[in-house]
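> following is a predicted model, sequence given first.
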Amino acid sequence: MLQVSQPARYPPVNLRINQRILEMATSVDDFKDILTAEVYVDLDKLRESARHGVPMVVRGEVWKYLLGVSPADRSQELTSLKAKYDEYLTLEKENTDIIKRVRGEVGRYQRKNIIQDINGTKDYTNVFENVIGAYMNNNNRDADYNSAFVHLCGPFVYCIKNEAEVYYCFTRLMAILDEYNLTHNINERVANFMTLFRAVIPDLCNYFEEEEVDINEWASSWLQFLFAKELQFENLMRLWDAYFSISDPIEFHPYVCLAVLKHTRENLEELEQSEIRTLLLRLPSMDMEQIINQAFNLRHEILERQISDSF
């Protein structure tokens, strides 16, 4: 006999909130069990857990291990961190060529992102200036300052207490990006992404062409800076939880871009050129768990299609 479905019965709001708090507390405890191992932090287990999201209260600690700033061998941890702290103290941080530009971008960044961090809401302008100044002076003297540095540095500033550790996490991320950029020209990356875009979402791609949307204006930023400038802050950190937990985040990133386009497709197809540009450069809040899962599925489907086409 056909059963008539009953309206869904949701628990009361207070109960749902309490359940969410309990789930988060359990998650925090799980991460703390991994992080407080006496001899060795199990990085494989940490990566697997982080891929599904990291609570803010332990995110900074988790990221330090995933990025290799904190050693997995606990016997070396204090020595390693003290050496990094001592080294950071000796670095020249003042850079008069960029200080005003960093300060201006940080002001805009903090107005856009009213962030409740692990220490409460406060002004971190000096931390941004010191970390980016030290990076430009000691790691990247030949490169030009880019306002995206503030956005790439921001998540570390807000989830890691120690300025020296913020610096080493930021420089590690920049090294990953620089290493990839050395062998993958941005024009080539945009062209490859355009091929994927046309294959996966042809109707939206055609609509962008009809509206004369400049793909280089938004896709180059998306691809180079891992959505640091475009995503809502909480969404960005959730995405980076996944990125830092996998071996090929830069190769995986274009599929996340495709998943974001599929997620916002209906809204985009109702907009005109200037409105499309605005949305693409400042994305709405979205369910990143869904986006990440869809990106993994898209990559699997495309790789399977390429394998079958080659036979």
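Structure's in. What do you need?

> so who does Leu89 touch?
Listed by Cβ atoms under 8 Å, 6 or more residues apart in numbering, the contact partners of Leu89 are Ala164. For the C-beta atoms, the positions are set from N, CA and C on the backbone; glycine is no exception.

> in space, what's closest to Met237 - neighbours in sequence excluded?
Pro155 (5.3 Å; Cβ to Cβ, 6 or more residues apart in numbering).

> wait, is that neighbour part of a strand?
No. With DSSP: H, G, I helix; E, B strand; the rest coil as the criterion, Pro155 is located in helix rather than a strand.

> can you give me the mean pLDDT across the helix or strand where Arg305 lies?
Element membership of Arg305, judged by DSSP states H and E, is helix 288-309. Helix 288-309 carries an average pLDDT of 87.

> checking Ala37 next. Helix, strand or coil?
Three-state assignment for Ala37 (three-state DSSP): coil.

> right, and it touches Asp73 too?
No. Between Ala37 and Asp73 there is no contact under Cβ atoms under 8 Å: 10.4 Å.

> ok, the residue nearest to Met237 touching Leu239?
No. Judged on Cβ under 8 Å, Pro155 makes no contact with Leu239 at a distance of 9.8 Å.

> if I look at those two, which residues touch both of them?
Here Pro155 and Leu239 have no joint contacts, going by Cβ under 8 Å, 6+ apart.

> and the nearest residue to Glu272 once chain neighbours are set aside, how many neighbours?
Of all residues not flanking Glu272 in the chain, Glu211 sits nearest, at 6.3 Å (Cβ to Cβ, 6+ apart). As a burial measure, Glu211 scores 16 neighbours (other Cβ atoms under 10 Å).

> please tell me how far Glu211 sits from Glu230.
19 Å (Cβ to Cβ, to the nearest Å).

> for the nearest residue to Val58 once chain neighbours are set aside, what are its contacts?
Distance criterion Cβ to Cβ, 6+ apart; nearest residue to Val58, sequence neighbours excluded, is Phe31 at 4.6 Å. The neighbourhood of Phe31, defined by Cβ under 8 Å, 6+ apart, consists of Leu46, Ser49, Val54, Pro55, Val58, Glu61, Val62.

> need the next SSE after the helix or strand where Phe31 lies, C-terminal direction.
Here Phe31 sits within helix 13-35, counting by DSSP H and E. Per DSSP H and E, helix 13-35 leads on to helix 43-50 as the next helix or strand towards the C-terminus.

> quick one: distance of that next one to the chain centre.
17 Å (Cα atoms, centre = their mean, to the nearest Å).

> re the thing from before, so the residue nearest to Val58 versus Glu92, what's the distance?
Taking Cβ to Cβ, one finds Phe31 at 36 Å from Glu92.

> in this structure Val54 contacts Val62, no?
Yes. Contact criterion Cβ under 8 Å: Val54 and Val62 qualify, at 4.9 Å.

> overlap in contacts, the two.
With Cβ under 8 Å, 6+ apart as the test, Val54 and Val62 both reach Phe31, Asp241.

> just want to know which of those two has more residues nearby.
Neighbour count, other Cβ under 10 Å: between Val54 and Val62, Val54 has more, with 27 against 24.

> mind saving the C-alpha coords of stretch 163-178 as CSV?
These are the backbone C-alpha positions of stretch 163-178, laid out as CSV (Å, rounded to 0.1, in the frame of the first residue of the first chain):
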residue,chain,number,x,y,z
GLU,A,163,52.7,35.9,15.4
ALA,A,164,55.8,33.9,14.5
GLU,A,165,53.6,30.8,13.8
VAL,A,166,51.3,33.0,11.6
TYR,A,167,54.4,34.0,9.6
TYR,A,168,55.6,30.4,9.0
CYS,A,169,52.1,29.1,8.0
PHE,A,170,51.7,32.1,5.6
THR,A,171,55.1,31.6,4.1
ARG,A,172,54.5,27.8,3.7
LEU,A,173,51.3,28.5,1.8
MET,A,174,53.0,31.1,-0.3
ALA,A,175,55.8,28.6,-1.1
ILE,A,176,53.2,26.1,-2.2
LEU,A,177,51.6,28.6,-4.5
ASP,A,178,54.9,29.9,-5.8
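
> name the helices or strands packed onto the host helix or strand of Ile176?
According to DSSP H and E, Ile176 maps onto helix 163-183. Judged by 3 or more Cβ pairs under 8 Å, 6 or more residues apart in numbering; DSSP states H and E, the packing partners of helix 163-183 are helix 56-66, helix 74-90, helix 125-138, helix 148-159, helix 215-225, helix 249-268.
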